[in-house]
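1. sharing a sequence plus its predicted fold:
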Amino acid sequence: MSLDEEKIDVREGIVHSSIPEAELARLSDDVIGALKTVYDPEIPADIFELGLVYKIDIEDDRMVKIVMTLTAPGCPVAGEMPGWVENAVGAVEGVSGVEVEMTFDPPWTPDRMSEEAQVAVGWY
């Protein structure tokens, strides 16, 4: 197995990491906390609770890769949002770098919003 391959235990469906479990848990919590500081300026809820973040990978070298979307492809902050996310997550202690990939597949829908976001926008 090369160093670039993921270490997957298919018997349990677990991806193993060289990052100690406690540190990985802290990093995960801190990355989510950082994402919760980034808001869509048109909606009074953060991007995590809105369901705009599709995937977060913390690699063994502590590089954080995020796949996310916007509420609409024509969102006025489409060019700025990835930078906001990179800055917020990049400030987390222990993160070596951040890559943000924007996708519109699948498209975002309001059913991805958490109850917290639904309350914030008055839909609950």
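-> The structure has been received and is ready for your questions.

2. measure how buried E93 is and give me the count.
-> For E93, the number of neighbouring residues by other CB atoms under 10 Å comes to 7. Just so you know, the C-beta spots here come from the backbone N, C-alpha and C atoms, and that holds for glycine as well.

3. ok, for it, nearest residue in space, not its chain neighbours?
-> Distances taken as CB to CB, 6 or more residues apart in numbering put D30 closest to E93, at 7.0 Å, once the chain neighbours are dropped.

4. contact partners of the host helix or strand of the one you found?
-> In this assignment (DSSP states H and E), D30 forms part of helix 21-35. Taking contacts as CB atoms under 8 Å, 6 or more residues apart in numbering, the residues outside helix 21-35 that touch it are 17, 19, 46-48, 53, 56, 58, 62, 64, 66, 85, 88-89, 91-95.

5. where exactly do the strands run in the protein?
-> Counting by DSSP state E, the chain has these strands, from start to end: 8-9, 14-15, 53-58, 63-68, 97-102.

6. what packs against the last one?
-> Contact analysis of strand 97-102 by 3 or more CB pairs under 8 Å, 6 or more residues apart in numbering; DSSP states H and E lists strand 63-68, helix 81-90 as its packing neighbours.

7. could you measure from T103 over to L70?
-> With the distance defined as CB to CB, to the nearest Å, T103 ends up 10 Å from L70.

8. of those two, which one has the most company?
-> The residue with more neighbours, out of T103 and L70, is L70; 21 against 13, by other CB under 10 Å.

9. wait, that one touches A78, no?
-> Yes. Under the criterion of CB atoms under 8 Å, L70 makes contact with A78 at 5.7 Å.
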